[in-house]
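A.B. asks: return a 3D structure for these sequence lines:
(2 chains)
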Amino acid sequence: MRFYLQKVMFYVVAFWAALTLNFFIPRLMPGNPVDVMLSKLAAKGPVTAAARHAVELLLGTKTSEPIWSQYWEYLVKVSHGDLGLSVTYYPATVSDIIGQTLPWTITLIGLATIISFILGIGLGQLAGWKRGSWLDNLLPITTMFQAIPYFWLALILVYLLSSRLSIFPLFGGYDVYGAPPGLNFTFIGSALYYGVLPALTIVISSVGGWMLGMRNMMVATLSEDYILTAEAKGLRPRRIMTAYAARNAVLPSLSGFAISLGFVVAGSIVTEQVFSYPGIGSALLNAVQNNDYSLMQGIFLVITFSVLGANLVVDLLYAIIDPRTRARA
Amino acid sequence: MKGPKMLLTSQRQGARLGVALAAVVAATALATAGCSSGSTAKSSASSGKSQITVFNGATGTIAENFNPFSPTQLQPTSGVIYEPLYYYNLASTAAPKPELATAFKWNADGTQLTITTRPGVKWTDGQPFTAKDVAYTFNLIHKIPALNTSGLNATATTTDDNTVVLTFKTKSFTQEPQVLGQTAIVAEHIWSKISEPAKDINKNPVGTGPYKVKSFASESYSLTKNTSYWETGKPQIETVRYISLATADAASAALLAGQVDWMSAFLPNLKDLLNGHKNLAYVNTPALTTSLFTCSNVSLGCTGPQTDPAVRQAIYYAMDRTQVNKLAGGGFAVPASPTMLLPDRDKAWIANPDDVTAPQSADTAKASSILAAAGYTKGSDGILQKDGKRLSLTVQVVAGYSDYISAISVMATQLKAVGIELKSTQLAYNAWNSNETTGKFQLTMDSIGLGASSSPHFTYSPRYSSANTSKVGEVAASNGNYARYSNPKVDAAVAAAAATNDEATQKGQYAIVQKEIVRDLPYIPIYVNSTLTEFNTTNATGWPTNENKYAFPASWKSWDNGIVLKELKLVK
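C.D. replies: Numbering: from 1, shown residues only, chains lettered A, B, ... in the order given. Down below sits the predicted model:
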């Protein structure tokens, strides 16, 4: 019990530290939201000198208030689940914007990360089990794809598969012309179809790492004495591979997986830019470009939450998979 | 991938493919894509449900907001859904075009504006539009400071169903384009029930414009034809869809694939891109004078060599503008005027014929002699110096504005020939913008143009008058006098011109302004940058052309969009 309490306490402190950083970092950026909104407005048409006053009134910016009382107000609001109003998308609330965008990102990047992990672990396990087989030749190829900068790979694939061959759509999360959002087959089918290429690029560019790590761990585990014992006992090879070798070999990859799951939210900006995908990454980019403190804080909060949450889950899972971690604590 | 196969309108194709792909494998989808693209292109043309797709620069998720008073309103709100009283075409010298009003008249003092409203106009909910709505709109803006982005100081009364009288506290001739051309008229019977007009997102806007909202999703929204629009026979296109794209690359790919009908993006290789696409066209409406803004005024806290007018003049003459245009502007830019007006449109306002355009080739001899007369001598490294200080300047530019960045590197080479060192620093938009408004720069790359109307007042008053500037370190009025220029002669002339609506008097006063600013050059013009707008003529024709600029065609421009959309014609 003490083990779990310690863990939870650690996460509470980490969460508070992250909240504090979320608050202060955006405010270190040059400029302020009113100026940015005015100059963006000026790009669409004339802006008079009086506009500044009106926009300040509208946004209710309280830059005169001391930063500590702003900080306190922020903590109180967050504890009530109130993330404030977005400046970029005024008067929409930060929760609305996150609610609109997060599902896209989680589904696309989350699924792609899981697929990539399962595929990489599976292939790595087989490659380690059957050393020297054709599977080993796959390794340099997947590692090469991982070495290519992600945005470049994605652009090339868009050019070839979407622009030239028209197999996949060029942009967006679904067919905005013919499939209005809703729980029906047309929309879900469309969303799946539009997600294939972005997901494919993520899988291609990340599967190599999982595969390589798993293969090498497999090789190391297979030389352990207990594997020899299992073989001597006459266990079926499949059982040795999965329950004896793979279960132990997967442990280091699992913690890596937790971290990459946590970064699903943060790591999606490039993907969403290349594919004009309607996720949270582009919302974050817009927030940064508009000095939208509330929206930045909100999205950072989501990132913090997902990283810490994923780590917590894996920490607890670890204790189940590997009893040693529990015993030492 | 040339020819008709690229012209996927993709209405049903995407959906069909999606289902196919969910069930089968990618290989089968390839075959489906091949045949379905050809067939949809034909079927959409014959089905009679005309639709065009607009990319207006929206990136990322879209938040619903059709409030015409909100600074974050979706762009078609002003002009397409809601209409102004008059339409001011910044692409031409034409007189304002009557929209919701049919006539207006100032009293001699410029304190009372009488507006005659258009009879027979209906709101999209069927209620009639009257002068009361116009009066209500202006009184609402006057009452709630958060809505008053134009500094309007007027109250309105109606004298009959078609007449509104606006009463201003002071002489207000210069408010005319704001009042008539930049204010969306809203319905009294709707807005009087809205409790917080500044914060409302106005989900189901009731306007008078050619289109009304059909559906909204955070990735895309569409407008549908207002069947009871007051101008008979307009609009013709059934549906207008607005989409969001992340980058210019995505936009140009979508344009070539026939998935976007109207967009404005600077594509340096546009002519090559459009080769072989007969249905794609573009129009170039240069309107913004790209310039080097200088922090020019020592008494307001500016530092650096650019505070010396001789240096600014030397830069002005040392530039080879033809070369800059060719290498950085894609050859689409046109000559600028040192008066900062548009040589083409505003010729009548430029007093001295020598000031119509800036020199297009470098005059290094003149630049060198100006600098020599000002006491600059050549240093050992070839860069001029004065009092032991090298003539070295830093220009700030937004990272990612690739045409600006290449223009600076071209100019750096050109200025080096006369012994001026030009260095550039690339900043994020926010930092660049913050430096510009607070005057923390030596030179900054920006542009001037697109005022409320084509009157020189909207260039000279914000950019050159002392009232719109502030000390370095303090924020200057937005889009104001960032150069920190302050000249009593200019201030007096701008004020005198604003106090009358007699064009001859105004010309005389603006001549004084021009004489001062052409000599002082707080903003050093480079060229009038292109505004490229790309069209697809498959689904609609009647887009503005170089010969007929009936509206400023950029897809991001408020007000003008409504005019373009109602002029579009169905393809027979």
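A.B. asks: surely residue B:240 is in a strand?
C.D. replies: Yes: Residue B:240 forms part of a strand when assessed by DSSP: H, G, I helix; E, B strand; the rest coil.
A.B. asks: return the residues of the stretch 401-550 of chain B in contact with chain A.
C.D. replies: Residues of the stretch 401-550 of chain B lying near chain A by CB under 8 Å from any CB of the partner chain: B:428-431, B:433-435, B:437, B:450-452, B:458, B:462, B:468, B:475, B:477-480. Quick note: C-beta positions are derived from backbone N, CA and C, even for glycine.
A.B. asks: the helix or strand hosting residue A:112 near chain B anywhere?
C.D. replies: Using DSSP states H and E, residue A:112 sits in helix A:111-129. No: on the criterion CB under 8 Å from any CB, helix A:111-129 is out of touch with chain B, staying 13.4 Å away.
A.B. asks: point me to the residue of the stretch 201-329 of chain A nearest chain B.
C.D. replies: When scored by CB to the nearest CB, the stretch 201-329 of chain A has residue A:282 as its residue closest to chain B, at 3.5 Å.
A.B. asks: next, the contact list for the residue lying closest to that residue once chain neighbours are set aside, please.
C.D. replies: Distances taken as CB to CB, 6 or more residues apart in numbering or on different chains put residue B:60 closest to residue A:282, at 3.5 Å, once the chain neighbours are dropped. Residue B:60 sits next to A:101, A:272, A:278, A:282, A:283, A:285, A:286, B:244, B:246 when contact means CB atoms under 8 Å, 6 or more residues apart in numbering or on different chains.
A.B. asks: same deal with residue B:322?
C.D. replies: With contact set as CB under 8 Å, 6+ apart, residue B:322 has these partners: B:360, B:361.
A.B. asks: just the buried positions in the helix or strand harbouring it, please.
C.D. replies: Using DSSP H and E, residue B:322 sits within helix B:321-327. Using 16 or more other CB atoms under 10 Å in any protein chain shown as the test for burial, helix B:321-327 gives B:321, B:322, B:323, B:324, B:325, B:327.
A.B. asks: would JSON lines of these with pLDDT be doable?
C.D. replies: Shown next, in JSON lines, are the buried residues of helix B:321-327 (pLDDT from 0 to 100):
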{"residue": "B:321", "pLDDT": "96"}
{"residue": "B:322", "pLDDT": "95"}
{"residue": "B:323", "pLDDT": "95"}
{"residue": "B:324", "pLDDT": "95"}
{"residue": "B:325", "pLDDT": "94"}
{"residue": "B:327", "pLDDT": "92"}
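A.B. asks: the closest residue to residue A:157 other than its chain neighbours: how many residues sit nearby?
C.D. replies: Spatial nearest neighbour of residue A:157, chain neighbours left out: residue A:201 (5.6 Å); criterion: CB to CB, 6+ apart. Residue neighbour count, defined by other CB atoms under 10 Å in any protein chain shown, stands at 25 for residue A:201.
A.B. asks: and residue A:201, how far from residue A:306?
C.D. replies: Distance from residue A:201 to residue A:306, counting by CB to CB, to the nearest Å: 21 Å.
A.B. asks: what's the answer for residue A:158, then?
C.D. replies: 27 Å.
A.B. asks: between these two, who's got more neighbours?
C.D. replies: residue A:158 (23 against 19).
A.B. asks: list the contacts for the residue nearest to the more buried one when sequence neighbours are not counted?
C.D. replies: Spatial nearest neighbour of residue A:158, excluding adjacent residues (CB to CB, 6+ apart): residue A:274 at 6.4 Å. Neighbouring residues of residue A:274 by CB under 8 Å, 6+ apart: A:151, A:154, A:155, A:158, A:198, A:201, B:246, B:247, B:250.
A.B. asks: quick check, the third one in a strand?
C.D. replies: No: read with three-state DSSP, residue A:155 is helix and lies in no strand.
A.B. asks: for it, grab the count of nearby residues.
C.D. replies: Residue A:155: 15 neighbours (other CB under 10 Å).
A.B. asks: which residues does it contact?
C.D. replies: Contacts of residue A:155 (CB under 8 Å, 6+ apart): A:274, B:249.
A.B. asks: for it, give me the pLDDT.
C.D. replies: The per-residue pLDDT reported for residue A:155 equals 89.
A.B. asks: gap between it and residue A:192?
C.D. replies: If you go by CB to CB, the gap between residue A:155 and residue A:192 works out to 22 Å.
A.B. asks: need phi/psi at the residue of the stretch 201-329 of chain A closest to chain B.
C.D. replies: phi -70, psi -30 (degrees, to the nearest 10).
A.B. asks: contacting residues around the closest residue to residue B:138 other than its chain neighbours?
C.D. replies: For residue B:138, ignoring the flanking residues on the chain, the nearest one in space by CB to CB, 6+ apart is residue B:156 at 4.2 Å. With contact set as CB under 8 Å, 6+ apart, residue B:156 has these partners: B:134, B:135, B:136, B:137, B:138, B:139, B:142, B:164, B:165, B:166, B:167.
A.B. asks: and the residue of the stretch 201-329 of chain A closest to chain B, what does it touch?
C.D. replies: Going by CB under 8 Å, 6+ apart, the list of residues near residue A:282 reads A:101, A:269, A:272, A:273, A:276, B:59, B:60, B:61, B:246.
A.B. asks: among those residues, name the ones in helices.
C.D. replies: Among the contacts of residue A:282, DSSP state H puts A:101, A:269, A:272, A:273 in helices.
A.B. asks: would you turn these into JSON lines with neighbour count and distance to chain B?
C.D. replies: Compiled in JSON lines, the ones in helices among the contacts of residue A:282 are given as follows (neighbours: other CB atoms under 10 Å in any protein chain shown; distance: CB to the nearest CB, whole Å):
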{"residue": "A:101", "neighbour count": "28", "distance to chain B": "5"}
{"residue": "A:269", "neighbour count": "20", "distance to chain B": "10"}
{"residue": "A:272", "neighbour count": "28", "distance to chain B": "7"}
{"residue": "A:273", "neighbour count": "20", "distance to chain B": "5"}
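A.B. asks: ok, which pair from the residues you listed is furthest apart?
C.D. replies: Across these, the longest distance by CB to CB is 13.6 Å; it joins A:101 and A:273.
A.B. asks: picking that back up, out of the residues of the stretch 401-550 of chain B next to chain A, list just those in strands.
C.D. replies: In strands, defined here by DSSP state E, there are no members of those.
A.B. asks: phi first, then psi, for the residue nearest the centre of chain A.
C.D. replies: Residue closest to the mean C-alpha point of chain A, counted by CA atoms, centre = their mean, is residue A:264 at 0.9 Å. Phi and psi for residue A:264, reported as degrees, to the nearest 10, are phi -50, psi -40.
A.B. asks: wait, it sits on residue A:111?
C.D. replies: No: with contact defined as CB atoms under 8 Å, residue A:264 does not count as touching residue A:111 (9.6 Å).
A.B. asks: list the buried ones in the helix or strand following the helix holding residue A:112?
C.D. replies: Counting by DSSP H and E, the next helix or strand C-terminal to helix A:111-129 is helix A:135-147. Judged by neighbour count (16+ other CB under 10 Å), helix A:135-147 contains these buried residues: A:135, A:138, A:139, A:142, A:145, A:146.
A.B. asks: tell me the mean pLDDT over helix A:135-147?
C.D. replies: 87.
A.B. asks: check the offset of it from the chain's centre.
C.D. replies: Here helix A:135-147 shows a centroid-to-chain-centroid distance of 23 Å under the convention CA atoms, centre = their mean, to the nearest Å.
A.B. asks: what comes into contact with that helix?
C.D. replies: By CB under 8 Å, 6+ apart, the surrounding residues in contact with helix A:135-147 are A:123, A:126-127, A:153, A:204-209, A:211-212, A:215.
A.B. asks: 10 Å instead, please
C.D. replies: For helix A:135-147, contacts defined as CB atoms under 10 Å, 6 or more residues apart in numbering or on different chains pick out A:119-120, A:123-130, A:153, A:201, A:203-212, A:215-216.
A.B. asks: nearest spatial neighbour of residue B:439, skipping sequence neighbours?
C.D. replies: Among residues not flanking residue B:439 along the chain, residue B:472 sits closest, at 3.8 Å (CB to CB, 6+ apart).
A.B. asks: how about the secondary structure of the residue nearest to residue A:187 when sequence neighbours are not counted?
C.D. replies: The shortest distance from residue A:187 to any non-neighbouring residue, by CB to CB, 6+ apart, is to residue A:179 (4.7 Å). With three-state DSSP as the basis, the three-state label of residue A:179 is coil.
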